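Peer 1: need a structure here:
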Amino acid sequence: MNQTKGATMLYKKISEGYVEQTFNDAGECIAQNFVAGEVEYETEDGDPINSMDMPLGGREYFPFDMKQPSDECYKP
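Peer 2: Numbering: from 1, shown residues only. Below you'll find the model as predicted:
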């Protein structure tokens, strides 16, 4: 990745995991959460980055807030 002096490096954090959903007796989804597993980092060009080379040494964390079901959601 070519960068101009003083430019900010952009990178991607790729998280694998699964979604846990809770349903009521009527089969309606009433809550859901994302549970993260493996995490990888890469440049904008797709080149892998060692997490220890990241600004916070791989300790970056942002919650995986998911939109929760509402009355407008699809109901089977």
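
Peer 1: Phe23 - nearest residue in space that isn't next to it in sequence?
Peer 2: Cys29 (5.6 Å; Cβ to Cβ, 6 or more residues apart in numbering). Using the backbone N, CA and C atoms, a C-beta is placed for each residue, glycine as well.

Peer 1: what do you get for Glu16?
Peer 2: Glu38 (4.5 Å).

Peer 1: Gln68 against Gln32, yeah?
Peer 2: Yes. In terms of Cβ atoms under 8 Å, Gln68 counts as a neighbour of Gln32; the distance is 6.7 Å.

Peer 1: who's more crowded, these two?
Peer 2: Gln32 (14 against 11; other Cβ atoms under 10 Å).

Peer 1: is it true that the more buried one touches Phe23?
Peer 2: No. Contact criterion Cβ under 8 Å: Gln32 and Phe23 do not qualify, at 9.8 Å.

Peer 1: could you point out the longest strand in the chain?
Peer 2: Looking across the chain with DSSP state E, the single longest strand is strand 29-43.

Peer 1: so in that sheet, which strands flank that strand, and in what orientation?
Peer 2: Looking at strand 29-43 with DSSP bridges, its partner strands are strand 11-23 (antiparallel), strand 48-49 (antiparallel).

Peer 1: for the protein, give me the ranges with low pLDDT.
Peer 2: Applying pLDDT under 70 to the chain flags residues 1-7, 57-63, 71-76.

Peer 1: so for Ile49, what's the nearest residue that isn't a sequence neighbour?
Peer 2: Spatially, and ignoring its direct neighbours in sequence, Ile49 is nearest to Tyr41 (4.3 Å; Cβ to Cβ, 6+ apart).

Peer 1: show me what contacts that neighbour?
Peer 2: Neighbour list for Tyr41: 11-14, 48-51, 54, 58 [criterion: Cβ atoms under 8 Å, 6 or more residues apart in numbering].
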